[in-house]
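1. please work out how this folds:
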Amino acid sequence: MRTIILLGALLLSYNIHSQSNSETEKAKYANDIFTEVPTMPLFIDAETAEETDSKLYNYFKEKAHEANPTSKGTVYIRFNINTAGKAEKIKILKGENDELNELAKQFVSEMPTWKPGKLKGQKVTVQYTRAVIFK
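-> Residues are numbered from 1 along each chain as shown. Predicted coordinates:
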């Protein structure tokens, strides 16, 4: 009887420890921001990181054409794709003027939801830096 109780206690202890490790792994990346992970975020039905880059380039190109700004130039912008696939922490790194800077921020903030990036099976926040070209 003592053996069964001891064995039960050991199994319960192992189960609690396993859950604790799993929760620790999830919390491990909760506040981290990555620039590259094994499973990069995917944009609008893309299946690869390369396809995401192409679709994102075309998205910015279309938006810039539709906006028809009064000036031309390139805006370098940084943003994060969070664990929910939403763009956040949008920052102009190098801008042209207020008009183009605001348009670039608007384009990023209006992006559709991405498929989030993953590291070791956990969704993580990934940072991007891109150029928005206004011709």
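
2. what's the single longest strand in this structure?
-> Using DSSP state E, we find that the single longest strand of the chain is strand 122-134.

3. describe which strands that one pairs with in its sheet and in which direction.
-> Paired neighbours of strand 122-134 in the sheet (DSSP bridges): strand 33-34 (parallel), strand 73-81 (antiparallel), strand 117-119 (antiparallel).

4. next SSE after the shortest one?
-> I take that to be strand 33-34. As assigned by DSSP states H and E, the chain's next helix or strand after strand 33-34 is helix 49-67.

5. the second one too?
-> Reading on from strand 73-81 to the C-terminus, the next helix or strand found by DSSP H and E is strand 87-94.

6. what lies in contact with the following helix or strand past that following strand?
-> Per DSSP H and E, the first helix or strand lying C-terminal to strand 87-94 is helix 98-109. With Cβ atoms under 8 Å, 6 or more residues apart in numbering as the test, helix 98-109 has contacts from 59-60, 63-64, 67, 69-71, 73, 75, 77, 79, 87, 90, 92, 95, 132, 134. Glycine gets a C-beta too; all of them are placed from N, C-alpha and C.

7. OK, contacts around the spatially most central residue of the chain?
-> The chain has I81 as the residue nearest its centroid, 2.3 Å off, counting by Cα atoms, centre = their mean. Residues in contact with I81 (Cβ under 8 Å, 6+ apart) are 41, 87-88, 114, 116-117, 125-126, 128.
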